[in-house]
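> okay, predicted coordinates and the sequence, questions at the end:
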Amino acid sequence: MIPIVKEQLTQAGNFSLFIGRFFKEIFVPPFQINEFLRQCYTIGCKSLPLVSITGFIMGLVLTIQSRPTMTKFGAESWLPSMVSLSLIREIAPVVTALICAGKIASGIGAELGSMKVSSQIDAMEVSAVNPYKYLVVTRILATTLMVPMLVIFADFVGIFGGYIGYNVHNTITLQRYFSEVIEHLDFLDVMPAVIKTFFFGFFIGVIGCYKGFNASSGTASVGLAANSAVVTASLSIFIIDMLAVQITDLFF
Amino acid sequence: MKEQPIIEIKNLHKAFGKNKVLKGISLRVNKGEDLVILGRSGSGKSVAIKCLVGLLEADRGKLEIFGTDITKLNYEGLNKIRLKIGFMFQNGALYDSMSVRENLTFTLKHHTRHLTEENIEQQILEALESVGLQDAIDKMPSELSGGMIKRISLARTIIIKPEIIFYDEPTAGLDTITAQEISELILSVQKKYKTSSIIITHDMICAKMTGNRIIIIKEGLVHAEGTYEELENSTDPWVKSFFFATNQYAMGPGPTV
């Protein structure tokens, strides 16, 4: 029992140091702007199709599934605002972040893990290029910035999906649907949800990088790093979400 | 007067858990000298040079490069020394998401921001010409053979014009002819760029061709030292059996020792 606890504490300590190093390196030049932009493109733009499809389906399904109950209570006209609120406050951030955990954290974990076991990170180190700054800082910054953008994009696509779902049984113009949505949206519905997505993005990046950067030797560890990155990042999203809901509840 | 060594290891100790790999090895390399380190697998040869470039932290001992003890340097100080050192990894360690051109420019662009694109291109072509692979400039590492990977890795090493090059088993995993070509290439790089080097190898032909001096590591300690001819004619039973066994292996199946 004691060795397991010791191992877990060591892991937690190393993870904290890893995060600490990020905040230390981020302010020290040289800044890897080109690599950061490349990562933004890889993480952000290349995830757009996946996020679009899931966002659209979320809005569509939520509308179609909620309609009978809302109709029963004579609140069908509330459907656009109910769906958009659910999407913006909870469903789109969490589902998009989970998709990013699956796609991005595993990708980063596998890529860095593979670089580690094939000595590419050592080669970078020996050539006096700081691999932490080049590989880790750029990726964490890119996920921290891109995940919120993907979530906002998913919000819009999800609301559009809701519009399509609403039009299966009713008829409403897109303009009217969106004005219904915006009319019932409050600043406090949007801000806490957006803020928590920065934390989602940060932890997706940190966990992916940490798992990959610390992969042990052997090809099996690459798969393990990718797998572990997805599981840990997904779990961290739920924990951050729970904390965010508690904090939002306390203050707003 | 005794010549000032460019590399000096004194009493280097390194252990991984309870496994003591290096138990106090000492060696020195003078300017322009090419030292070959021989030894059985797991004897700590690669560990020693990884300690020298700061990839591994020595438990105890002094590691001097250009007269500076690298164990006392901070990260920035170590990086300044690393800029004068080339390291050729056993597997080549080319960045597999980058083309050959990008692999070669990566370090250059990071450290020589004053260079123009034309200068960089010229240096890439010169490095590739030195290893005879100008045609591979736009290829990806996945498109290269084992021998080509080693050559490109050597080109990447020499492009920063290092004063010292560490070769970690440069001919491992190659057929005899390609291994000999790589050894000849190392020899030509030594002559052309006037580098000092440490070559870790199991390949006796490579050791004979590229090294001025050879040391043999046994159980974490320097067991024997001398020129190839001196060691080949050594009366030490272990050195004799080591040379006999490796030469026999290189020539093909024969009686075991």
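Now that the structure is in, tell me what you want to look at.
> near chain B, which residues of the stretch 51-200 of chain A?
Those residues of the stretch 51-200 of chain A that sit near chain B, judged by CB under 8 Å from any CB of the partner chain, are A:111, A:114-115, A:118-120, A:122-130. From N, CA and C alone the C-beta is placed, and that goes for glycine too.
> burial check on residue A:171, number of neighbours?
Neighbour count for residue A:171, taken as other CB atoms under 10 Å in any protein chain shown: 7.
> that one in helix, strand or coil?
coil (DSSP: H, G, I helix; E, B strand; the rest coil).
> ok, the one 5 residues further on next?
In terms of secondary structure, residue A:176 is helix; the call rests on three-state DSSP.
> now for it, how many residues are close by?
Neighbours of residue A:176 (other CB under 10 Å): 12.
> how much space separates it from residue A:170?
11 Å (CB to CB, to the nearest Å).
> and the residue of the stretch 151-257 of chain B found nearest chain A, which of the three is it?
The minimum distance from the stretch 151-257 of chain B to chain A, using CB to the nearest CB, falls at residue B:160 (7.1 Å). Following three-state DSSP, residue B:160 is assigned to coil.
> ok, now residue A:80?
Classified using three-state DSSP, residue A:80 is helix.
> isn't it right next to residue A:179, touching?
No - using CB atoms under 8 Å as the test, residue A:80 is too far from residue A:179 to be in contact (9.1 Å).
> looking at those two, which is more packed in?
A side-by-side neighbour count of residue A:80 and residue A:179, using other CB under 10 Å, places residue A:80 first with 24 against 12.
> where's the more buried one relative to residue A:170, distance?
Residue A:80 is 10 Å from residue A:170, by CB to CB.
> get me the contact residues on the stretch 151-257 of chain B for chain A.
residue B:160.
> which residues of the stretch 151-257 of chain B score low on pLDDT?
B:247-257 (pLDDT under 70).
> which parts of it are strands?
B:164-168, B:196-200, B:213-218, B:221-226 (DSSP state E, counting those that start in this stretch).
> what comes into contact with stretch B:26-38?
B:3-12, B:45, B:48-49, B:164, B:190, B:194, B:196-202, B:206-207, B:210-217, B:222, B:242 (CB atoms under 8 Å, 6 or more residues apart in numbering or on different chains).
> just how off-centre is it within its chain?
11 Å (CA atoms, centre = their mean, to the nearest Å).
> for it, list the C-alpha coordinates in CSV.
Only the C-alpha atoms of stretch B:26-38 are listed here, as CSV (Å, rounded to 0.1, in the frame of the first residue of the first chain):
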residue,chain,number,x,y,z
SER,B,26,38.5,8.2,-16.1
LEU,B,27,39.6,9.2,-19.6
ARG,B,28,40.9,12.1,-21.6
VAL,B,29,40.8,13.2,-25.2
ASN,B,30,43.3,15.7,-26.6
LYS,B,31,42.5,18.2,-29.3
GLY,B,32,42.3,16.5,-32.7
GLU,B,33,42.3,13.0,-31.1
ASP,B,34,39.7,10.3,-31.9
LEU,B,35,39.0,8.0,-29.0
VAL,B,36,37.2,4.7,-29.5
ILE,B,37,35.4,3.2,-26.6
LEU,B,38,34.8,-0.5,-26.8
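> buried ones in that stretch?
For stretch B:26-38, the neighbour count (16 or more other CB atoms under 10 Å in any protein chain shown) marks B:27, B:28, B:29, B:30, B:33, B:34, B:35, B:36, B:37, B:38 as buried.
> what strands flank the helix or strand encompassing the first one, and is each parallel or antiparallel?
With elements delineated by DSSP states H and E, residue B:27 resides in strand B:19-30, which encompasses its position. Strand partners for strand B:19-30, identified by DSSP bridges, are recorded as strand B:5-16 (antiparallel).
> tilt between the strand it pairs with and strand B:196-200?
Between strand B:5-16 and strand B:196-200, the angle comes out at 30 degrees (axes from the mean of the first three to the mean of the last three CA atoms, to 10 degrees).
> who's in contact with strand B:5-16?
Contacts for strand B:5-16 (CB under 8 Å, 6+ apart): B:20-31, B:33, B:44, B:47-48, B:51-52, B:56, B:58-66, B:163-164, B:196, B:198.
> buried ones in it?
Neighbour-count burial for strand B:5-16 [16+ other CB under 10 Å]: B:5, B:6, B:7, B:8, B:9, B:12, B:13, B:14.
> I'd like to know how many residues surround the residue nearest to residue B:73 when sequence neighbours are not counted.
Leaving aside its sequence neighbours, residue B:73 sits nearest to residue B:81 (CB to CB, 6 or more residues apart in numbering or on different chains; 6.9 Å). Using other CB under 10 Å, residue B:81 is surrounded by 18 other residues.
> residue B:44 now?
25.
> again, but for residue A:214
For residue A:214, using other CB under 10 Å, the count is 18.
> from residue A:133, how far out is it?
From residue A:214 to residue A:133 the distance is 17 Å (CB to CB).
> one more: residue B:6?
With CB to CB as the criterion, residue B:6 and residue A:133 are 29 Å apart.
> contacting residues for the residue of the stretch 151-257 of chain B closest to chain A?
Neighbours of residue B:160 in contact, by CB under 8 Å, 6+ apart: A:127, B:83, B:86, B:107, B:108, B:111.
> and the third one, what are its bridge partners?
With DSSP bridges applied, residue B:86 shows beta-bridge pairing to residue B:165.
> mind listing what it touches?
Residue B:86 neighbours (CB under 8 Å, 6+ apart): B:157, B:158, B:160, B:162, B:164, B:165, B:166, B:195.
> let's see that with 6 Å instead.
Neighbour list for residue B:86: B:157, B:162, B:165 [criterion: CB atoms under 6 Å, 6 or more residues apart in numbering or on different chains].
> isn't residue A:93 right up against residue A:197?
Yes - with contact defined as CB atoms under 6 Å, residue A:93 reaches residue A:197; the gap is 5.1 Å.
> name the residues contacting each of those two.
residue A:151.
> any chance of the buried residues of strand B:5-16 in TSV, plus pLDDT and distance to residue A:239?
What follows is the buried residues of strand B:5-16, written out as TSV (pLDDT from 0 to 100; distance: CB to CB, whole Å):
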residue	pLDDT	distance to residue A:239
B:5	90	55
B:6	93	54
B:7	95	50
B:8	95	52
B:9	95	48
B:12	95	45
B:13	95	43
B:14	95	40
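> quick one, phi/psi of the residue of the stretch 151-257 of chain B closest to chain A?
phi -90, psi 10 (degrees, to the nearest 10).
> for it, give its distance to residue B:236.
39 Å.
> repeat that for residue A:101.
For residue A:101, the distance to residue B:236 - CB to CB - is 59 Å.
> how about residue A:222?
43 Å.
> ok, these two, which is more surrounded?
Neighbour count, other CB under 10 Å: between residue A:222 and residue B:236, residue A:222 has more, with 22 against 14.
> distance between the lengthiest helix in chain A and the chain's centre?
In chain A, with assignment by DSSP state H, the single longest helix is helix A:220-251. Helix A:220-251 sits 9 Å away from the centroid of its parent chain (CA atoms, centre = their mean).
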